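Asks: The following comprises the amino acid sequence and a computationally predicted model.
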Amino acid sequence: MRIIAFPLAILFLFLQVKPATAAELFVSSAISLREAFLQIGASFERKHPGDKVIFNFAASGELALQIERSAPADVFVSASNTEMSRLQSKQLIAAGSVKAFAGNRLVLIVPSGGKRINSLQQLTTLESLAIGNPATVPAGKYAAEALKRANVYSQLVSGKKLILSESVRQALVYVQSGNVDAGIVYATDGLAGKKVDIALIIPDNLHEPIVYPIALLRDSKQVELGRAFIDLVTSLEGRSILKSKGFLPLQ
């Protein structure tokens, strides 16, 4: 009887234990972080077996609009402080959760073997220049600021030479395809992009500092998991992955 009762008792206990439910963490992230975050996300899933990270990559401004319209998201990652501050002002960010974790630079890119450009003033001689839409794309906002300080923005606008893209990656594609003469993107995109050459590194003093903040959404359904993801991004491992993709450490 003891031999039979023992496995039955174990079976009874097993049936009483409910299997853990796998969680899904929704991360809305600036598209310039795509390669780095896919690697960080894979590491996170290894550390949290069964849980999944679901990324939504797009321009920071578009992501902020989606969140304002109640799109599902647990963590928001922006390529500038502007969008993060806007969501904070609408009380959509969990208090005290914002952390700045990386920086970047702007570069001017041309199709491989394209025209040599030595200054921003030379851009007025081109037929077309792609930048992100300054209204929704932080890279475009930084680019417009640099072009204005270099006193060429108004000439490019009046000459109808500016081609606005929906994201920094779209500006990269425009250059890769040869549909434009040049484009302004992040250094990380210029380094990773194929069929393009970096023609010019845009001086940092021509635009506000490029800073990437990350935060937990106030209405997140995965608070603990979201905080764990943020911790990984800002950890030594996360910073190492970001550095390997060309992102800059913050001072």
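Replies: Thanks, I have the structure now.

Asks: Just the terminal-to-terminal distance for stretch 91-111.
Replies: End-to-end span of stretch 91-111 (C-alpha to C-alpha, to the nearest Å): 43 Å.

Asks: what mean pLDDT would you report for it?
Replies: Here stretch 91-111 scores 97 as its mean pLDDT.

Asks: Give me the buried positions along it.
Replies: Residues 92-94, 97-98, 101-111 are the ones in stretch 91-111 that count as buried (16 or more other C-beta atoms under 10 Å). Backbone N, C-alpha and C define where each C-beta goes, glycine included.

Asks: now swap in stretch 182-196 and tell me
Replies: For stretch 182-196, using 16+ other C-beta under 10 Å, the buried residues are 182-190, 192-193, 196.

Asks: The helix or strand containing Asp231 - contacts with which helices or strands?
Replies: Taking DSSP states H and E as the definition, Asp231 sits inside helix 223-233. Using 3 or more C-beta pairs under 8 Å, 6 or more residues apart in numbering; DSSP states H and E, the elements in contact with helix 223-233 are strand 24-30, helix 34-47, strand 75-77, strand 211-216.

Asks: how about a cut-off of 6 Å?
Replies: Counting contacts by 3 or more C-beta pairs under 6 Å, 6 or more residues apart in numbering; DSSP states H and E, helix 223-233 packs against strand 211-216.

Asks: so who does Leu147 touch?
Replies: Tyr153 (C-beta atoms under 6 Å, 6 or more residues apart in numbering).

Asks: That one belongs to a strand, doesn't it?
Replies: No. Per DSSP: H, G, I helix; E, B strand; the rest coil, Leu147 lies outside any strand segment and is helix.

Asks: From Val211, how far out is it?
Replies: 20 Å (C-beta to C-beta, to the nearest Å).

Asks: so who does the closest residue to Ile210 other than its chain neighbours touch?
Replies: Spatial nearest neighbour of Ile210, chain neighbours left out: Asn104 (4.4 Å); criterion: C-beta to C-beta, 6 or more residues apart in numbering. Residues near Asn104 by C-beta under 6 Å, 6+ apart: 186, 188, 210, 247.

Asks: The third one is in contact with Leu106, isn't it?
Replies: No. The pair formed by Ile210 and Leu106 falls short of the contact definition of C-beta atoms under 6 Å, at 7.3 Å.

Asks: Let me see the ranges of the helices in the protein.
Replies: 2-16, 34-47, 60-68, 81-89, 138-149, 153-158, 168-176, 187-192, 223-233, 236-244 (DSSP state H).

Asks: That'll do, ta.
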